[in-house]
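A.B. asks: I would like the atomic coordinates for the input below:
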Amino acid sequence: MTQAKNGNTVTVKYTGRYEDGTVFDSSDEHGKPLEFLLGGGKMIPAFEKGVLGMQLNETKTIEVLPEEGYGAYREDLVVDIGRQYLPEEMELETGRFIEWMQPDGQIGLAKILEVTEEKVKVDTNHPMAGHKLIFEVTLLGIQ
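C.D. replies: Residues are numbered from 1 along each chain as shown. Alright, predicted model coming up:
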């Protein structure tokens, strides 16, 4: 029986949940299965590792620990920004996400935690940081 290996383009159906059972993503939500190159570096490495060796139509649970996924939650990534550094027209509402420039030049998202007249407290952690991710994966195709 054919097993998925590095260099294969694989097609999977998946549902991703947090430990409490909350679904955070699903191929059903996107209306089609996920296709990617195994070993291509586009997926979370622990997810790819879990798919390696799977056989066609096999279903498997893949658990991704925070350090294998989006990292531990870091309190030092919760920062205050002076209101004078933000555009006046920007909608500043608790729970809303705003874009920010990361040190590597990439655009990131920061969640607004608190708004006062002087500052805005934002969380620049990835929304999945600190979470164990649990994927139910079915391998539908190997090319």
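
A.B. asks: only C-alpha atoms for contact and neighbour calcs from this point on.
C.D. replies: OK.

A.B. asks: And the next helix or strand past the lowest-mean-pLDDT helix or strand in the chain?
C.D. replies: Within the chain, no helix or strand scores below strand 97-101, which has a mean of 88 by mean pLDDT, DSSP states H and E. Along the chain past strand 97-101, the next helix or strand (assigned with DSSP states H and E) turns out to be strand 107-115.

A.B. asks: What angle do strand 97-101 and whichever helix or strand comes after that following strand make with each other?
C.D. replies: Later in the chain than strand 107-115, the nearest helix or strand by DSSP H and E is strand 119-123. With axes from the mean of the first three to the mean of the last three Cα atoms, to 10 degrees defining the directions, strand 119-123 sits at 90 degrees from strand 97-101.

A.B. asks: List the residues that contact residue 57.
C.D. replies: Contacts here follow Cα atoms under 8 Å, 6 or more residues apart in numbering; on that basis residue 57 touches 138-141.

A.B. asks: for it, phi and psi?
C.D. replies: The phi/psi pair for residue 57 (degrees, to the nearest 10) reads phi 70, psi 10.

A.B. asks: Taking strand 107-115 as reference, get the angle to the least confident helix or strand of the chain.
C.D. replies: With the same axes, to 10 degrees applied, the angle from strand 97-101 to strand 107-115 works out at 130 degrees.

A.B. asks: May I have the strands that pair with strand 97-101, each with its orientation?
C.D. replies: strand 107-115 (antiparallel) (DSSP bridges).

A.B. asks: residues of the partner strand that come out buried?
C.D. replies: Judged by neighbour count (16 or more other Cα atoms under 10 Å), strand 107-115 contains these buried residues: 109-113, 115.

A.B. asks: go on, stretch 38-49?
C.D. replies: Across stretch 38-49, burial judged by 16+ other Cα under 10 Å covers 38-39, 45-49.
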